[in-house]
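Student: no letters, just coordinates:
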């Protein structure tokens, strides 16, 4: 397995079964993708700074986030659900990117979000440990 960090939220994971690109926004990898290839592309949110006048395919959900041309043939996953692509199982979960995790006006909601964050961190840490990769203390 090969992990490549491209900047901000963009990571590519290459395995024997498939290659997955997480958040390969054109504002990070450029309009052509600089040769990045992937079978599966996941987009966790619309691009915050989409490049203007980029030709090609747009993300179906918001119809404004351009897909780098080197990723034209990839399957695009943008929302919650269970997916299987090229024998890779992916579970998309709804997240709260643009909402406060801790909101003093909604303590019950905040507690649930903090539990979700803790579960995600534990899951990611366990996954990295299984791969023989040490998890950073913070990102």
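Tutor: Done, it's in. These figures come from a predicted structure and were not determined experimentally.
Student: how far away is the closest residue in space to residue 40 that isn't next to it in sequence from residue 127?
Tutor: Spatial nearest neighbour of residue 40, chain neighbours left out: residue 20 (4.6 Å); criterion: CB to CB, 6 or more residues apart in numbering. Yep, even glycine has a C-beta here, placed from its N, CA and C like the rest. To residue 127, residue 20 is 13 Å away according to CB to CB, to the nearest Å.
Student: picking that back up, the residue nearest to residue 40 against residue 42, yeah?
Tutor: Yes - here residue 20 reaches residue 42: they are 6.7 Å apart, a contact under CB atoms under 8 Å.
Student: and these two? which has more neighbours close in?
Tutor: More neighbours surround residue 20 than the other of residue 20 and residue 42, with 23 against 20 (other CB atoms under 10 Å).
Student: beta partners of that one?
Tutor: Beta-bridge pairing of residue 20 under DSSP bridges involves residue 13, residue 40.
Student: what sits against it?
Tutor: Residue 20 makes contact with 12, 13, 38, 39, 40, 41, 42, 88, 90, according to CB atoms under 8 Å, 6 or more residues apart in numbering.
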